[in-house]
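Q: 3D model of this:
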Amino acid sequence: MDEMMFDRLTLFLAWAAALLFVLAGCMLTYEVIARYFFIRPTIWAAELSQLCLIWGSLMGMPWALAARRHISVDAVTRLLKPKMQRAVEILAMVCILAFSVMVTVKGWDIFYESFERGRTSGTMLDLPAWVAELPVAIGFALLSVQSVIEIVGLLRGKDIPKGAHE
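A: Below is the predicted model of the structure:
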């Protein structure tokens, strides 16, 4: 998969994540109305909205990194010379890569164990636990790929992307 194709994938996942966040909001709104106005709480709204938030947050990470829409404190790095800023940015991407690989491996282990043992959520819906665990491995694997793309781009002289706060 080339970089352009991966960019399309991350953009698609970002839009899917946005849709999941809207769905979570709709489900929770429905739950509040059902619970407090009709005294008919649901057994599904809270758990399914949590799944939407988990999947949405983790699937949106690669796009957030590429677009620099994550939280970034750059008060000190802005004072550095451009070459040093680039070195610090590369170091930050290497740290993200290392952390993401570790979380991917551990997340996969947790997912696989739950899948193999047939663990469930223990709630009224009693969903398989792996449904909430799988996005950790997938999301951080995708974040690992995005961090490699960022490192390669920075090493090739690509401008350091500025976040949306600019």
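
Q: okay, the residue most central in space within the chain: pLDDT?
A: The centroid of the chain falls nearest to residue 58 when counting by CA atoms, centre = their mean (2.3 Å). pLDDT recorded at residue 58 is 98.

Q: same deal with the one 10 residues further on?
A: In the predicted model, residue 68 carries a pLDDT score of 85.

Q: do residue 158 as well
A: 87.

Q: and for residue 94, the neighbour number?
A: 14 (other CB atoms under 10 Å). (Glycine included, C-beta is placed from N, CA and C.)

Q: excluding residues flanking it in the chain, which one is nearest the residue nearest to the centre of the chain?
A: Among residues not flanking residue 58 along the chain, residue 139 sits closest, at 2.9 Å (CB to CB, 6 or more residues apart in numbering).

Q: please apply the same query to residue 13.
A: residue 59 (4.4 Å).

Q: again, but for residue 136
A: Leaving aside its sequence neighbours, residue 136 sits nearest to residue 107 (CB to CB, 6+ apart; 3.6 Å).

Q: any low-confidence regions in the protein?
A: Regions of the chain meeting the criterion pLDDT under 70 cover residues 1, 163-166.

Q: and the helices in it?
A: Using DSSP state H, the helices of the chain run over 3-36, 45-59, 61-66, 82-117, 130-155.

Q: ok, which of the ones you listed comes nearest residue 74?
A: Checking the helices of the chain against residue 74 by CB to CB gives helix 82-117 as the closest, at 8.8 Å.

Q: figure out how far that closest one is from the centre of its chain.
A: 12 Å (CA atoms, centre = their mean, to the nearest Å).

Q: what packs against it?
A: Judged by 3 or more CB pairs under 8 Å, 6 or more residues apart in numbering; DSSP states H and E, helix 82-117 is in contact with helix 130-155.
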